[in-house]
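> using only what follows, build the 3D model:
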Amino acid sequence: PPHTSVLFARGVIARLAYWPALRIAVDHAWGGPESADKRTWLASVLVDDFEEQDPRPDADFIEDRLLQVMADEFDAVLEDGSAEAVAQDLVALWEQVSAGRTELLAEFEQRADRLGGKPVQVEEAAGDNSDWEDESGDEDEGDEELKGQPPQLLDHQNRPSNDEPEVDADGFITV
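Okay, the predicted model is just below:
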């Protein structure tokens, strides 16, 4: 592979290595036991996107690719804007490496190296921005007069018997 491709691939791998959303997904095996392999695969897909597409992909395309892979491979729907930042970084990296510059590559690799194998510090919010709403509480809040009473039982013995089977419009017998 050309020298530019190798440098760009190194930068993509480094940038993905310190993306918190992907680190959490890999560390917690959201993509199954192959989570680390999926991260490597994502890097290769991104490198291929830049090398094989004409015109080159823009930040919106790369952001969509990142969000799609996170959803499909890691069951993670990101709404934190981090995919946009990663996409912009990768576009800038491609432009720099293509121009023969490696400042951004060096920065990405330094940041990835500093993290080493340190786990991501995760703070779980207590449902701040969750789409899920807790509807716990009494199911029959409106039935105040029934509170404390046992449920009424149906009297199946004194029910009028229906000797003929009930047949619906399609000819099926209702049981």
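> the helices in the chain, which residues?
3-17, 20-27, 35-52, 59-74, 82-98, 103-115 (DSSP state H).
> middle-most residue in this structure, spatially?
Centroid-nearest residue in the chain, with CA atoms, centre = their mean: A76, separated by 1.5 Å.
> so that one sits against W30, correct?
Yes: proximity of A76 to W30 meets the contact threshold set by CB atoms under 8 Å, at 5.9 Å. C-beta coordinates here come from the backbone N, C-alpha and C atoms, glycine included.
> E103: how many residues sit nearby?
For E103, the neighbour count with other CB atoms under 10 Å is 10.
> tell me the contacts of it?
Contacts for E103 (CB atoms under 8 Å, 6 or more residues apart in numbering) come out as Q96.
> how close does it get to V12?
E103 sits 16 Å away from V12, going by CB to CB, to the nearest Å.
> which non-adjacent residue is nearest the residue nearest to the centre of the chain?
Distances taken as CB to CB, 6 or more residues apart in numbering place M70 nearest to A76, at 4.7 Å, with adjacent residues excluded.
> what count of nearby residues applies to the one you found?
Neighbours of M70 (other CB under 10 Å): 23.
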